[in-house]
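A.B. asks: coordinates for the following, if possible.
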Amino acid sequence: MKKVIAILLTLALVIVAFAACGGSTTTDTTTAADDTTAAADDTTAAETVADLDYIKEKGTLVVGITNFAPMDYQEKGSEEWIGFDADMAKKFAEKLGVKVEFSEIAWENKVLELDSKNIDCVWNGMTLDDEVKAAMSCSKAYCNNAQVIVVPADKAEQYATAEACKELSFAVENGSAGKKQAEANGFKFTEVVDQATAVQEVAAGTSDAAIIDSLMACAMVGEGTGFEQLTYTASLNSEEYGVGFRTGSDLVDAFNTFLDEAIADGTAQAIAEQYGVQAALIK
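C.D. replies: I've put the predicted structure just below:
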């Protein structure tokens, strides 16, 4: 009888021990799950970048640009940046209560410049394509645009379509929407530093044609411009411009609010008319 009681006591102790182990495992699992949830919450919080406070603290909005009339350019003999984008950037900085500074960048390095905080935004007639949207947080679109072919005016009829231009040698801006169109159409091309240089290549005869933004073509080639001997012919696509900020930046909302107000009060329209881009303005 004593042996039976001893065996029963031993079994009871074993059951209690297993129950205790099971309870410990549940507690550890719950704790681990809580830690994972907390980490996820921290990650979500980190996704919003407090650029607005950063800009106000340093007192300067640094805008990444290239020489691109009529959006961002300098008149001969002047160091001041003007243009539709430049003037709108000045207004945005004023609304934020900071100064604006323009920094010329290599267009293909725009994401690197942005992420390294050398600049605070890319505001230079930037096409809102999938690649750009994946690399930065972008504003709503503010202008319509297209990529067009620039050729000598006396050859315009000969090269009126993309198909007719297949054998030409093109100049395109490195990393630009124009380069992407050249690749998409199977054109032979040479990359240059900016769109203005691409136009100069055609004027000099070192390239047969160039692909540039239609807004720039309207301002830069044809009658009454510095390149009267050139014109633009075929339109290769349809696209929209937007401003790029660091991924998750709270400046996106600040800009979109500013843009809505600038359109509503006529500021954007007045600046657009000054630079001849009013037809492209998205309202």
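A.B. asks: how much space separates the nearest residue to residue 173 once chain neighbours are set aside from residue 211?
C.D. replies: The shortest distance from residue 173 to any residue other than its chain neighbours is 4.8 Å, reached at residue 195 (C-beta to C-beta, 6 or more residues apart in numbering). All C-beta atoms are positioned from the backbone trio N, CA, C, and that covers glycine. The span separating residue 195 from residue 211 equals 9 Å under the rule C-beta to C-beta, to the nearest Å.
A.B. asks: anything in contact with each of those two?
C.D. replies: residue 178 (C-beta atoms under 8 Å, 6 or more residues apart in numbering).
A.B. asks: tell me the predicted confidence for residue 28.
C.D. replies: At residue 28, the model reports a pLDDT of 46.
A.B. asks: swap that for residue 17, please
C.D. replies: Predicted confidence (pLDDT) for residue 17: 42.
A.B. asks: ok so, going back, dump the residue contacts of the residue nearest to residue 173.
C.D. replies: Applying C-beta under 8 Å, 6+ apart, one finds that residue 195 lies in contact with 66, 68, 173, 176, 178, 210, 212, 213, 216.
A.B. asks: and the furthest pair within these?
C.D. replies: Pairwise distances among those were taken by C-beta to C-beta; the largest, 14.8 Å, belongs to 66 and 210.
A.B. asks: those two - which one has more neighbours?
C.D. replies: More neighbours sit around residue 210 than around the other of residue 66 and residue 210, counting by other C-beta atoms under 10 Å; the figures are 32 against 23.
A.B. asks: surely that one and residue 152 touch.
C.D. replies: No: Residue 210 lies out of contact with residue 152 (C-beta atoms under 8 Å); the separation is 10.8 Å.
A.B. asks: sorry, back to before: scan the contacts of residue 195 and report the most crowded one.
C.D. replies: Within those, neighbour counts (other C-beta under 10 Å) peak at residue 210, which reaches 32 neighbours.
A.B. asks: which strand residues bridge that residue?
C.D. replies: According to DSSP bridges, the partner residues bridging residue 210 are residue 150, residue 171.
A.B. asks: OK, contacts around it?
C.D. replies: Here residue 210 is in contact with 149, 150, 170, 171, 172, 178, 195, 198, 199, 201, 202 (C-beta under 8 Å, 6+ apart).
A.B. asks: between the residues you listed, which sits nearest residue 257?
C.D. replies: Compare each of the contacts of residue 210 with residue 257 using C-beta to C-beta and the shortest gap goes to residue 195, at 30.2 Å.
A.B. asks: okay, residue 49: pLDDT?
C.D. replies: In this prediction, residue 49 carries a pLDDT score of 83.
A.B. asks: neighbours around it, how many?
C.D. replies: Under the neighbour criterion other C-beta under 10 Å, residue 49 is assigned a count of 17.
A.B. asks: same deal with residue 97?
C.D. replies: Around residue 97 there are 9 other residues, counting by other C-beta under 10 Å.
A.B. asks: cool, and the one 4 residues further on?
C.D. replies: Burial of residue 101, expressed as a neighbour count using other C-beta under 10 Å, amounts to 14.
A.B. asks: over to residue 262?
C.D. replies: The burial metric for residue 262, expressed as a neighbour count using other C-beta under 10 Å, is 19.
A.B. asks: mind checking the SS state of the residue nearest in space to the middle of the chain?
C.D. replies: Using C-alpha atoms, centre = their mean, the residue of the chain that lies closest to the mean C-alpha position is residue 244, 3.6 Å off. Per DSSP: H, G, I helix; E, B strand; the rest coil, the local secondary structure of residue 244 is strand.
A.B. asks: hey, what's it bridged with?
C.D. replies: With DSSP bridges as the criterion, residue 244 is bridged to residue 122, residue 138.
A.B. asks: test my guess that it contacts residue 134.
C.D. replies: No: the pair residue 244 and residue 134 does not pass the contact test of C-beta under 8 Å, sitting 11.1 Å apart.
A.B. asks: residues making contact with stretch 91-104?
C.D. replies: By C-beta under 8 Å, 6+ apart, the surrounding residues in contact with stretch 91-104 are 52, 55-56, 58-67, 72, 81, 86, 89-90, 113, 118-119, 254-255, 258, 262, 267, 271.
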